[in-house]
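> What follows is a predicted protein model with its sequence.
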Amino acid sequence: MPRGKSHRRSEAAKKRVEAVRLGRVGIPKASSDFVPVRGTGLRHKVKTWPTSDVTNHCHKLVIPEGTSDKKFVLVIGASHLRSFVDGVVVMASGDIQFGFMSTPGASAADLRLEVLNAVIPREPDAVCIMAPSNNLTASRHPEEAGQEFERYLLAVCSRWSKVFCTGFVPRLTESREKQTVFQQEFHRRSAKLGIPYYEIADYFPLDDLDLWCPDGIHLSDNHGMHILNHLIWMFAYEFMELSAPKPLVQSQATPPYKSRFVPRVVVKGEERSRPSSPLPTEWTLVRSSRKRNLSGESDCLFDSPKKRVVHHQREHSPVAFSECVIPSNPVCFSPAILVAMETVSPSATQDVCTGTETKPVEHPIKPSVSKSRRVRQKVSAASCATPARGAELLLAENTVVPKRSRIFVSDARPACPRVAS
């Protein structure tokens, strides 16, 4: 009897629960047409190593002799380091010395135990952790492998402060998708702890079979291990350069800018001395040409209508005079206004014209009368004692008055005295 829709729903729910429990949600499955490939490279014959009492795996530690002028980097990994430990592949020489701790067949959990129980006779300047590729088969899913790898990193950081990681060497026996997911999980765990992580999978293309030995897991000694040798040295050197303390640079004051060529200004002619500030007792003459003239005399102030005297009152000081560039604007005031201004504010000078002064009035001399209308009179010197108003008679001593005298007739025209008969 065929099963109904409820049975299929129940089976799908069981699969989802199992996927959540195993943490396999979102993990791509390997393609069904994947076929493991064998490498074509060469690898040395494996030597017998002592067995570790902690993990029951083969374990070996190699520490080089220390020198004071070189840095020491300890590389921790699995069976990929056999060629370095046995001396088949010589590590690149330079300013850095490398030591190796290899545990073939160990996963992240086994390497963690080896690190915690290892006795290192020389303190390393940096530690390089190779991500364990054995977790591809030892762990059921990437999440489990990531948790073990994180605990492994914490154990290493508890012993040494300068730590960096590299990705694991890809295999020809596992699908590309599965290895990519594990690589990403290891990278995420390393970044979570703030540890630098360097990818190496891109340097080993899967289509180049000479890079692997026939088992498809380990690198060949004639090709693959030389690339790994160069990568480890390059990443170690880069990490040591980045982690090196930068020298403290004392902040220095920036010197003032000095121009290479200083221009010279040559002034020809007489040097004019700048006039000193006027004293409170002096006058300051302001002309339209904006030139100042200091003088102590007051009789020349009103000679030109373009001159102005500017008064400035300073605090607790007498009246001072300074230059004023305002053009002069003559204003005529009536005598009454001048008298009122002089009454309210007397002027400091004595020659202020108020308009009330009396001046002799000079009448213009009218032209003389024509001969036809001229009045001829005979006046003796004794009879004409009083001259006419408006006429001027200039007589010097011992001067003879001519019989004919000219009389200038003014506007008043007083009557001439009669001659007695």
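Nice, thanks for sending it over.

> Could you report the distance from Lys45 to Ser52?
Here the criterion is Cβ to Cβ, to the nearest Å. By it, Lys45 lies 22 Å from Ser52. Quick note: C-beta positions are derived from backbone N, CA and C, even for glycine.

> Please say which of those two ends up with more neighbours.
Ser52 (18 against 6; other Cβ atoms under 10 Å).

> and the more buried one, what is it in contact with?
Ser52 is in contact with 58-59, 103, 114, counting by Cβ atoms under 8 Å, 6 or more residues apart in numbering.

> among those residues, who's most crowded?
Of all the contacts of Ser52, the highest neighbour tally under other Cβ under 10 Å goes to Thr103, namely 28 neighbours.

> So what does that one look like in phi/psi?
Per-residue torsions, Thr103: phi -130, psi 90 (degrees, to the nearest 10).

> Would you agree it is in contact with Thr55?
Yes - the criterion here is Cβ atoms under 8 Å, and Thr103 meets it with Thr55 at 6.7 Å.

> top helix in the protein by residue count?
The longest helix of the chain (DSSP state H) is helix 224-243.

> Tell me which residues are up against that one.
Here helix 224-243 makes contact (Cβ under 8 Å, 6+ apart) with 41, 71, 73, 75, 80, 83-84, 88-89, 91-92, 94-96, 98, 125-126, 128, 162, 164, 166, 169, 196, 198, 200, 203-204, 210-213, 219.

> Give me the buried subset of these.
41, 71, 73, 75, 80, 83-84, 89, 91, 96, 98, 125-126, 128, 162, 164, 166, 169, 196, 198, 200, 204, 211-213, 219 (16 or more other Cβ atoms under 10 Å).

> Just the residues you listed: which are in strands?
71, 73, 75, 96, 98, 126, 128, 164, 166, 198 (DSSP state E).

> okay, these in TSV with pLDDT and distance to Asp110 next?
Listed next are those as TSV, based on pLDDT from 0 to 100; distance: Cβ to Cβ, whole Å:
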residue	pLDDT	distance to Asp110
Lys71	90	28
Val73	94	22
Val75	95	17
Ile96	89	27
Phe98	93	22
Ala126	94	23
Cys128	95	18
Phe164	95	21
Thr166	95	18
Tyr198	95	23
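
> and those as CSV, adding distance to Glu241?
Formatted as CSV, those follow (distance: Cβ to Cβ, whole Å):
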residue, distance to Glu241
Lys71, 11
Val73, 13
Val75, 18
Ile96, 11
Phe98, 16
Ala126, 11
Cys128, 15
Phe164, 12
Thr166, 17
Tyr198, 14
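
> of those residues, closest to Val37?
Closest approach between those and Val37, by Cβ to Cβ: Thr166, at 23.5 Å.

> Return the residues in contact with the residue lying closest to that closest one once chain neighbours are set aside.
Spatial nearest neighbour of Thr166, excluding adjacent residues (Cβ to Cβ, 6 or more residues apart in numbering): Tyr198 at 4.9 Å. Listed by Cβ under 8 Å, 6+ apart, the contact set of Tyr198 reads 164-167, 231, 235.

> Quick check: of the residues you listed, which lies closest to Leu153?
Using Cβ to Cβ, the contacts of Tyr198 come closest to Leu153 at Cys165, 7.4 Å.

> could you list every residue that touches that closest one?
128-131, 153, 186, 190, 195-198.

> at 7 Å instead, please
129, 131, 190, 195-197 (Cβ atoms under 7 Å, 6 or more residues apart in numbering).

> In TSV, list those along with pLDDT.
As requested, the contacts of Cys165 are exported to TSV (pLDDT from 0 to 100):
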residue	pLDDT
Ile129	96
Ala131	95
Ser190	95
Ile195	94
Pro196	94
Tyr197	95
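
> just the buried members of these?
By neighbour count, with 16+ other Cβ under 10 Å, the contacts of Cys165 hold 129, 131, 190, 195-197 as buried.

> Please tell me how far Val127 sits from Ala109.
18 Å.

> With neighbour numbers in mind, choose between these two.
Higher neighbour count among Val127 and Ala109: Val127, with 25 against 18, using other Cβ under 10 Å.

> Might one say that that one is in contact with Lys71?
No - counting by Cβ atoms under 7 Å, Val127 does not reach Lys71; the two are 11.9 Å apart.

> which residues touch the closest residue to Val88 other than its chain neighbours?
Spatial nearest neighbour of Val88, excluding adjacent residues (Cβ to Cβ, 6+ apart): His44 at 4.8 Å. Contacts for His44 (Cβ under 7 Å, 6+ apart) come out as 83, 86, 88, 221.

> quick one: secondary structure of His44?
Counting by DSSP: H, G, I helix; E, B strand; the rest coil, the backbone at His44 sits in coil.

> Torsion angles phi and psi at it?
The phi/psi pair for His44 (degrees, to the nearest 10) reads phi -70, psi 170.

> Fine, thanks again, bye for now.
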